[in-house]
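Chemist: Compute the structure for the input listed below.
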Amino acid sequence: MIPQSRRDFLTQTGGGFASVALSALLAEELRAATPKTAAIDPLQPLKERLPHIAPKAKQVIFLFQYGGPSTFDLLDYKPELLKLNGKPVPESFKKHPDKVGGVFNACKDELMAGPWKWAQHGQNGQWVSELLPHTAKHIDQLCQVRSMYSESSNHAPATYLMNTGAILGGKPSLGSWVTYGLGSANQNLPGFVLLYKVGGLGGSANWSNAFLPAAFQGTQFRHEGSPVLNLQPPSELVGVQRSTLDFAQALNRKHAAERPGVLDLDGRIASYELAYRMQSAALDIGELSMETKETQDAYALHDADKSKAVFGRMCLLSRRLVEKGVRFVQLYNSVDKLGWDGHDSNTEYHNRNAAQTDQPVAALLADLKQRGLLDTTLVIWAGEFGRTPMMQGNKGRNHNPYGFTIWLAGGGVKAGSVIGATDEIGLRAVDQIQPVKNLHATILTALGLNPDDLFFENNGRQERLTGVAQSWKAIPGVLG
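Modeler: Predicted coordinates for the structure are as follows:
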């Protein structure tokens with residue numbers, strides 16, 4: 001090793017020191033230029049916050065169709081599939097690699113058309129299956145995206161993706177991001193409410209706040225009886241409830257002050273206050289007997305089909321919640337643990353689930369419109385993926401992540417439009433293919449949130465619903 005003088009050493013390393021200093025300066029500039037999200041008051045986390053841009057919608061109702069509906073049996077008419085019913089899959093459709101899941105490996109080499117009739121509806125003559133006679137009456141209000149693409153062919157990861165933007169659990173849900181960004185108009189109710197009897201596979205990770213403050217997690221309201229249990233205190237405690245809570249909260253704040261930065265403590269303090277305020281507000285929300293008989297019948301609240309009545313109640317509760325200013329409401333259709341997941345009998349499962357959901361969904365759209373709420377409420381109907389046009393098992397269909405339809409209505413949506421397309425048999429999206437992050441970006445944009453500006457610093461990283469900055473694109477043509 002050749003010995004170096006101090007002068008030589010400093011000459012050779014000076015550039016390195018300068019580059020370190022320059023990197024630090026650039027990092028400071030970058031941090032200064034990064035847009036900041038609105039500060040969250042830990043004791044008033046749901047206080048309304050200004051959107052980034054002019055919003056087209058103020059609230060969301062997400063009608064999650066758990067199990068993966070076969071959308072070419074519902075909305076995406078495929079006359080070629082009808083023609084090829086019972087025949088082998090043409091070789092041209094087998095040339096594409098199955099990057100997500102081997103749909104061909106689990107299916108018979110036989111195409112299967114559904115048994116349902118189709119008819120044209122609305123001003124543009126859009127085709128709708130006889131499975132959805134009530135939704136068909138509102139077809140001119142819907143914007144259909146027929147080219148959605150998922151990154152998983154398994155229920156839990158695909159459901160996580162649709163709800164959180166990632167196929168693994170542990171990320172904040174769409175509803176949590178929206179309430180984190182905007183707060184809620186009603187401080188006496190949660191900003192993000194869930195309505196379900198059986199939630200999506202994967203459980204609470206689908207509506208978790210994850211690393212966001214605890215106030216933004218989804219709160220389940222019951223689909224029958226009182227929306228929240230134990231809202232009314234025992235009679236002997238009514239007179240001292242407020243003073244008891246004040247004393248407990250003083251102790252809680254002292255405890256939290258000694259542990260700065262522990263967001264769960266602030267969230268717990270806020271949740272106690274919300275629970276107190278919710279006592280009268282939530283009881284009022286659940287009092288459906290106040291609705292007219294005409295409204296109750298429209299939502300099928302007393303239908304002989306109990307699953308239809310349950311889903312109808314959830315749809316009516318969702319209208320009452322957004323009417324009261326709740327920011328984000330999500331319903332899960334499944335009341336039997338399986339939803340649309342017709343592996344063995346596609347006909348049976350789709351008959352059952354369409355009968356359960358069609359009338360209540362149509363009633364919700366009509367009710368929102370009649371009350372002037374549809375213009376400010378974004379309604380989304382979507383499952384986690386679609387199904388194969390090839391037969392599986394005993395006239396069933398397998399999961400298909402490569403092409404499926406979702407629809408949006410209300411707040412800012414270009415009504416009556418159809419975006420994208422699947423191929424002739426409904427297997428793959430072939431025109432304007434849309435990953436789930438683009439749907440999320442569209443929803444955030446409709447609410448006045450810039451997807452790149454909606455982030456949370458977690459472990460030194462800016463986390464976003466839509467992933468890496470500028471990796472998304474709002475679906476062209478959805479928002480008018």
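
Chemist: can you give me the strands for the stretch 101-250 of the chain?
Modeler: For the stretch 101-250 of the chain, the strands defined by DSSP state E, counting those that start in this stretch cover 118-121, 126-129, 142-149, 192-195, 219-221.

Chemist: State the mean pLDDT of the shortest one.
Modeler: For strand 219-221, the per-residue pLDDT values average out at 92.

Chemist: okay, now I139: neighbour count?
Modeler: I139 has 22 neighbouring residues, counting by other CB atoms under 10 Å. Placement of C-beta: from N, CA and C, glycine included.

Chemist: who's in contact with it?
Modeler: When contacts are counted by CB atoms under 8 Å, 6 or more residues apart in numbering, I139 touches 121-122, 126, 128, 416.

Chemist: which residue packs closest to it, ignoring adjacent ones?
Modeler: Excluding the flanking residues, the one nearest I139 by CB to CB, 6 or more residues apart in numbering is G122, at 4.2 Å.

Chemist: Can I get the buried part of the contacts of I139 as one ChimeraX selection?
Modeler: A single ChimeraX command is used to select the members of the contacts of I139 judged buried by 16 or more other CB atoms under 10 Å:
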select :121,122,126,128
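
Chemist: returning to what we had before: okay if I get the strands of the stretch 101-250 of the chain as JSON lines plus distance to G480?
Modeler: Formatted as JSON lines, those follow (distance: least, CB to CB, whole Å):
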{"stretch": "strand 118-121", "distance to G480": "21"}
{"stretch": "strand 126-129", "distance to G480": "17"}
{"stretch": "strand 142-149", "distance to G480": "9"}
{"stretch": "strand 192-195", "distance to G480": "26"}
{"stretch": "strand 219-221", "distance to G480": "32"}
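
Chemist: List just the one of those strands that sits closest to R319.
Modeler: strand 192-195 (11.2 Å; CB to CB).

Chemist: Return the most buried member of the strands of the stretch 101-250 of the chain.
Modeler: Stretch with highest mean neighbour count among these: strand 192-195 (a mean of 26; mean count of other CB atoms under 10 Å).

Chemist: For the chain, give me the ranges with low pLDDT.
Modeler: For the chain, the stretches flagged by pLDDT under 70 are 1-38, 101, 228-249, 252-254, 256, 258-259, 261-283.

Chemist: now the helices: where do they sit in it?
Modeler: Ranges of helices within the chain are 6-33, 79-83, 133-136, 155-164, 174-182, 241-257, 263-285, 293-298, 306-323, 346-370, 436-446, based on DSSP state H.

Chemist: Can you list the buried residues in the fifth one?
Modeler: Residues 174-182 are the ones in helix 174-182 that count as buried (16+ other CB under 10 Å).

Chemist: Tell me the gap between that helix and the middle of its chain.
Modeler: Taking CA atoms, centre = their mean, to the nearest Å, one finds helix 174-182 lying 11 Å from the centre of the chain it belongs to.

Chemist: cool, and the last one?
Modeler: The chain centroid and the centroid of helix 436-446 are separated by 10 Å under CA atoms, centre = their mean.

Chemist: what packs against it?
Modeler: Packing contacts for helix 436-446, counted by 3 or more CB pairs under 8 Å, 6 or more residues apart in numbering; DSSP states H and E, involve strand 142-149, helix 174-182, strand 377-382.

Chemist: and of these, who's closest to A441?
Modeler: Nearest to A441, of all these, is helix 174-182, at 11.1 Å by CB to CB.

Chemist: if we look at the closest one, which residues are touching it?
Modeler: Under the contact criterion CB under 8 Å, 6+ apart, helix 174-182 has outside partners 37-38, 40, 46, 48-49, 51, 60, 62, 163-165, 172, 191-192, 194, 207-210, 212-213, 215-218, 327-328, 330, 440, 443-444, 447-449, 454, 456, 465.

Chemist: Just the C-alpha atoms of that helix, please, in CSV.
Modeler: Provided in CSV are the C-alpha atoms of helix 174-182 (Å, rounded to 0.1, in the frame of the first residue of the first chain):
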residue,chain,number,x,y,z
LEU,A,174,-60.1,2.7,0.7
GLY,A,175,-62.7,3.9,3.2
SER,A,176,-59.9,4.6,5.7
TRP,A,177,-57.9,6.6,3.1
VAL,A,178,-61.0,8.7,2.2
THR,A,179,-61.9,9.6,5.7
TYR,A,180,-58.3,10.3,6.5
GLY,A,181,-58.2,12.7,3.6
LEU,A,182,-61.6,14.4,4.0
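
Chemist: Tell me the spacing between the most centrally placed residue in the chain and P451.
Modeler: Geometric centre of the chain, nearest residue: N163, 4.6 Å, by CA atoms, centre = their mean. Separation of N163 from P451 (CB to CB, to the nearest Å) stands at 16 Å.

Chemist: List just the one of the helices and strands packed on helix 436-446 that sits closest to G68.
Modeler: strand 377-382 (10.4 Å).

Chemist: tell me what that closest one is packed against?
Modeler: Using 3+ CB pairs under 8 Å, 6+ apart, the elements in contact with strand 377-382 are strand 59-64, helix 346-370, strand 404-410, helix 436-446.
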